[in-house]
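> Fold the following.
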Amino acid sequence: MRYLTFLLLYVVAIQYGFAQVTTYNQYEVSDKNPFGLPNPKAPAQITDFAPMIGKCDCKSQVRNQDQSWADPIDMVWTFKYIMNGMGVQDETVKSDGSHSGSIRQYNADSARWYVHYYASATPISNLSSWEGNLNSEKDKIVLYRPSKAPNGMDGFYRLTFYNFSKKGYNWVGEWVNKEETIAFPTWKIECKRRE
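Predicted structure coming up:
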């Protein structure tokens, strides 16, 4: 009888332990949800990046030193929910062997997204960061980081996700002046969603 009681308590403890595990990680990447899920306890803005969640085949193009556009490079861009659905992470794998990614967190107090970028080609002690929001009127996500032009003019490096559809999306990185009347694109990406 003592053995049966011990066995029963052991089974209950294990089931309780599994229940606890699923409570704190139920929105993580899994076989059932390969890109995770948004946590319902997260700010509603967690779904701003929903059009990008998943895997896309992309063409990435940057400017050459002479300001002409380089040939496009093939790239796979993957977005997923992380931190049990409280944040978003993206990762790129480029055909030239370089890799990069970002961790994206929404701060309800400041009502802004904070995006921290990292790249295999340029490991640094402090990650570059952008901040911004979804502009629902223009159906774009726009992020900014202070940046000077080569001539010393103050402005921003602006990142824009746009042209969302079931088929994919586009992205552009460009220097803009503070008034955003001047824009000089330096990097552009076109993405098609994998079926």
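
> Can you list the residue ranges for helices in the chain?
2-25 (DSSP state H).

> Below-threshold pLDDT in it: ranges please.
Scanning the chain for pLDDT under 70 picks out 1-23, 195.

> Can you give the distance from stretch 27-42 to the centre of its chain?
Chain-centre distance of stretch 27-42: 14 Å, with CA atoms, centre = their mean, to the nearest Å.

> now stretch 99-119: how far from the chain's centre is it?
Distance, centroid of stretch 99-119 to centroid of chain: 7 Å (CA atoms, centre = their mean).

> and what of stretch 92-112?
When C-alpha coordinates are averaged (CA atoms, centre = their mean), stretch 92-112 and its chain have centres 4 Å apart.

> What would that stretch look like as CSV? C-alpha coordinates only.
The C-alpha trace of stretch 92-112 is given here as CSV (Å, rounded to 0.1, in the frame of the first residue of the first chain):
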residue,chain,number,x,y,z
THR,A,92,19.1,35.9,-41.9
VAL,A,93,21.3,33.5,-43.8
LYS,A,94,22.9,34.9,-46.9
SER,A,95,24.4,33.1,-49.8
ASP,A,96,27.7,35.0,-49.3
GLY,A,97,28.1,33.3,-45.9
SER,A,98,27.2,36.2,-43.7
HIS,A,99,24.4,36.0,-41.1
SER,A,100,22.5,38.6,-39.1
GLY,A,101,19.5,39.0,-36.9
SER,A,102,17.6,41.2,-34.5
ILE,A,103,15.7,40.8,-31.2
ARG,A,104,12.6,42.9,-31.0
GLN,A,105,10.8,43.9,-27.9
TYR,A,106,7.8,46.2,-27.4
ASN,A,107,7.9,48.5,-24.4
ALA,A,108,4.3,49.5,-23.4
ASP,A,109,5.6,52.4,-21.2
SER,A,110,7.2,54.2,-24.1
ALA,A,111,4.8,52.8,-26.7
ARG,A,112,7.7,51.8,-29.0
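
> hey, where'd the strands end up in the protein?
For the chain, the strands defined by DSSP state E cover 54-62, 73-82, 87-94, 99-107, 112-119, 128-135, 140-148, 154-165, 168-177, 183-193.

> Out of these, flag the one nearest residue 46.
strand 99-107 (6.3 Å; CB to CB). For glycine as for every other residue, the C-beta is placed from the backbone atoms N, C-alpha and C.

> quick revisit: of all the strands of the chain, which one comes closest to residue 29?
strand 73-82 (5.7 Å).

> Could you dump the strands of the chain into a markdown table with mean neighbour count and distance to residue 41 added?
Output for the strands of the chain, formatted as a markdown table (neighbours: other CB atoms under 10 Å; distance: least, CB to CB, whole Å):
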| stretch | mean neighbour count | distance to residue 41 |
| --- | --- | --- |
| strand 54-62 | 17 | 23 |
| strand 73-82 | 19 | 13 |
| strand 87-94 | 19 | 12 |
| strand 99-107 | 18 | 12 |
| strand 112-119 | 18 | 18 |
| strand 128-135 | 16 | 20 |
| strand 140-148 | 17 | 22 |
| strand 154-165 | 17 | 25 |
| strand 168-177 | 18 | 27 |
| strand 183-193 | 16 | 28 |
